[in-house]
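# For reference, the sequence and a predicted model appear below.
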Amino acid sequence: MSEFTYLYRGGRDTPASPEQRQKQLQKWAAWFKELGTSGHLKELGHPLESAGMVVKGSQKIVTDGPYAEAKDLVGGFSLIEAKDLTHAVELSKGCPILEVGGSVEVRPVMQLNM
Amino acid sequence: MVAALTRIFGVHNLALAEDVVQDAFCRALEVWRIRGVPENPSAWLMATAKNGALDVLRRERTARSFAPELGRFLQSEWTLAPVVEELFAADAIKDDLLRMMFSCCHPRLSEPAQVSLVLHILCGFSVDEIASAFVTTHAATEKRLTRAKKVLAGSNRLFDIAAPADFSARLPAVHRALYLLFNEGYHGASPETAVRVELCREAMRLSALLLEHPLSGTPVTYALAALMCLGASRLPARVDATGNLTSLLDQDRSKWDQQLVVEGLRFLELSATGSKLSEYPSKPRSRRSTRAPFVRRTRTGKPSCHCTTR
């Protein structure tokens, strides 16, 4: 089994009512529970606030941001265990963000050896 | 509330659960004094306790471990709020109360210790109130509670109400604890008031909880509930104007709570199913001769139970 990161993007376009938001959250919780019981969930991770800061360059310039397009903004992350990239991709298809126009980026964790 | 929070925090964090509830009540005193009592006070308290729980969980998630079976779902913002929300739902809370009741009736605790724990955690009685119920000192009650809580915290998790064998095994202990509780209210040993209605009410409230759950809604539970209802129905007539106990024969029957009598007789009918004989009275259907159990103190001061017919 190898580790993969899910980077969640988008899905925050349409303003949702509190009930809709609660329903979405519950869908996420259910999906995570499923991944948990099947033994594929390594770390749940966290959702992320959109507004933050960006530090760039050797001058360490700080700007407000990132002001990427909503669909490109990373909204959260999780860590998954799967046999290979194809398997990780299969598992990601259950993610509720896909139903609301978002996307899941699946990236293998790089093993750095010295 | 303590029961629900202990489910989330884990039984080893019982003190933390009590703190959060305490904070919610303190907050209520502050806010309600200024803004007045809200329309639904218990919902307000629940919501405050829930938010308090979320704060604690976020603040302490690196330092502490919480309920083992919830573990990682409390660590991530993805699932923290939904999990807490789910555990505060009405049905979940009823189950939590049951879980806590059964946990309090731990076999390693003496019966007075079990009842003290039930009164403290489930009924919110203060140490002084429990001390007066058992006619002991504040210090002795506090010691008993501290030891009992240690035993409770020592068990890895709250009692699993989904395991039928364990459930049925511990149910008699729960029955006995509630029976003792009722008896203390019906004819306790307190010198000031022989009858403590609030103890009877708490016992009846918790018995009603038992009746709602399929595994504990047994004929014996119905018999116990019948006993309590019929006994409680006579409480308005039991104490006369000067505060003395009136015997059953001398009581003004018009003062008996008819609703409770009807309820009690209904439970009596329901307890007549099943093949097991219960030690709790399950006899005459007639309104006129109900058996009245009472606790008599022997010379050594130890209570003994009698069931008498009058």
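That came through, no problem. From a predicted model like this one, the values you see are computed outputs, not experimental measurements.

# list the contacts for residue 94?
Defaulting to chain A. Contacts for A:Gly94 (C-beta atoms under 8 Å, 6 or more residues apart in numbering or on different chains) come out as A:31, A:34-35. From N, CA and C alone the C-beta is placed, and that goes for glycine too.

# Not quite, go with chain B.
B:Lys94 makes contact with B:209, B:212-213, according to C-beta under 8 Å, 6+ apart.

# name the element A:Val104 belongs to?
Secondary-structure element containing A:Val104, defined by DSSP states H and E: strand A:103-108.

# residue of chain A with the smallest distance to chain B?
Across chain A, no residue is closer to chain B than A:Leu44, which sits at 3.3 Å (C-beta to the nearest C-beta).

# ok, that residue touching A:Phe77?
No: at 9.5 Å, A:Leu44 does not count as touching A:Phe77 under the criterion of C-beta atoms under 8 Å.

# what about the residue of the stretch 51-200 of chain B found nearest chain A, which SS state?
Nearest residue of the stretch 51-200 of chain B to chain A: B:Ser76, at 3.3 Å (C-beta to the nearest C-beta). Three-state assignment for B:Ser76 (DSSP: H, G, I helix; E, B strand; the rest coil): coil.

# Contacts only, for it.
Applying C-beta under 8 Å, 6+ apart, we find B:Ser76 in contact with A:32, A:43-46.

# rerun that using 10 Å as the cut-off
By C-beta atoms under 10 Å, 6 or more residues apart in numbering or on different chains, B:Ser76 lies in contact with A:28-29, A:32, A:41, A:43-47, A:76, A:78, B:61, B:83.

# again with B:Arg147
B:109-110, B:113.

# Tell me which stretches of chain A form helices.
Applying DSSP state H to chain A gives helices spanning A:18-37, A:85-92.

# Kindly reformat the ones you listed as a markdown table containing distance to A:Tyr8.
What follows is these, written out as a markdown table (distance: least, C-beta to C-beta, whole Å):
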| stretch | distance to A:Tyr8 |
| --- | --- |
| helix A:18-37 | 10 |
| helix A:85-92 | 10 |
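
# For the ones you listed, which has the smallest mean pLDDT value?
Comparing those by mean pLDDT, the weakest confidence falls on helix A:18-37, with a mean of 88.

# Would you mark the buried spots in it?
Buried residues in helix A:18-37, counting neighbours by 16 or more other C-beta atoms under 10 Å in any protein chain shown, are found at A:24-25, A:27-29, A:31-32, A:35.

# same deal with stretch A:86-101?
By neighbour count with 16+ other C-beta under 10 Å, stretch A:86-101 contains the buried residues A:87-88, A:91-92, A:95-97.

# cool, and stretch B:167-177?
Applying a neighbour-count criterion of 16+ other C-beta under 10 Å, one finds B:167, B:170-171, B:173-177 buried in stretch B:167-177.

# Also stretch B:242-259?
Quick answer for stretch B:242-259 (16+ other C-beta under 10 Å): B:248, B:251, B:256-257.

# what's the span of that stretch from first residue to last?
Terminal residues of stretch B:242-259 are spaced 26 Å apart (C-alpha to C-alpha, to the nearest Å).

# For chain B, what lies in contact range of chain A?
Residues of chain B that fall close to chain A, judged by C-beta under 10 Å from any C-beta of the partner chain: B:71-83, B:85-86.

# Among the buried residues of stretch B:167-177, which lie within helices?
Among the buried residues of stretch B:167-177, the residues falling in helices (DSSP H) are B:167, B:170-171, B:173-177.

# Let me have those residues in CSV, adding pLDDT and distance to B:Gly231 as columns.
Shown next, in CSV, are those (pLDDT from 0 to 100; distance: C-beta to C-beta, whole Å):
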residue, pLDDT, distance to B:Gly231
B:Phe167, 86, 26
B:Arg170, 89, 24
B:Leu171, 90, 21
B:Ala173, 89, 21
B:Val174, 90, 18
B:His175, 91, 15
B:Arg176, 89, 16
B:Ala177, 89, 17
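
# out of the residues you listed, which one sits closest to B:Asp95?
Closest approach between these and B:Asp95, by C-beta to C-beta: B:Phe167, at 12.1 Å.

# pretty sure that closest one is touching B:Cys105, no?
No: in this structure B:Phe167 lies outside contact range of B:Cys105 using C-beta atoms under 10 Å: 11.5 Å.

# Now the common contact residues for these two.
Common contacts of B:Phe167 and B:Cys105 (C-beta under 10 Å, 6+ apart): B:159, B:174.

# Pull the contacting residues for B:Leu97.
Contacts for B:Leu97 (C-beta under 10 Å, 6+ apart) come out as B:1-4, B:121-122, B:205-206, B:209.

# same thing but 8 Å
Counted by C-beta under 8 Å, 6+ apart, B:Leu97 has contacts B:3, B:122, B:206, B:209.

# Filter those down to the ones in helices?
Using DSSP H, the subset of those located in helices is B:3, B:206, B:209.

# Which of those residues sits closest to chain A?
In terms of C-beta to the nearest C-beta, no member of these lies closer to chain A than B:Ala3, at 22.3 Å.

# contacting residues around the lowest-mean-pLDDT helix or strand in chain A?
Lowest mean confidence among the helices and strands of chain A (mean pLDDT, DSSP states H and E): helix A:18-37, at a mean of 88. With contacts defined as C-beta under 8 Å, 6+ apart, helix A:18-37 is touched by A:16, A:41, A:44, A:78, A:80, A:91, A:94-96, A:99-100, B:72-73, B:76, B:78-79, B:81-83, B:85.

# switch the cut-off to 6 Å
Applying C-beta atoms under 6 Å, 6 or more residues apart in numbering or on different chains, the contact partners of helix A:18-37 are A:41, A:44, A:94, A:96, B:78-79, B:82.

# Relative to the whole chain's centre, how far out is that helix?
Centroid displacement of helix A:18-37 relative to its chain, using C-alpha atoms, centre = their mean, to the nearest Å, is 14 Å.
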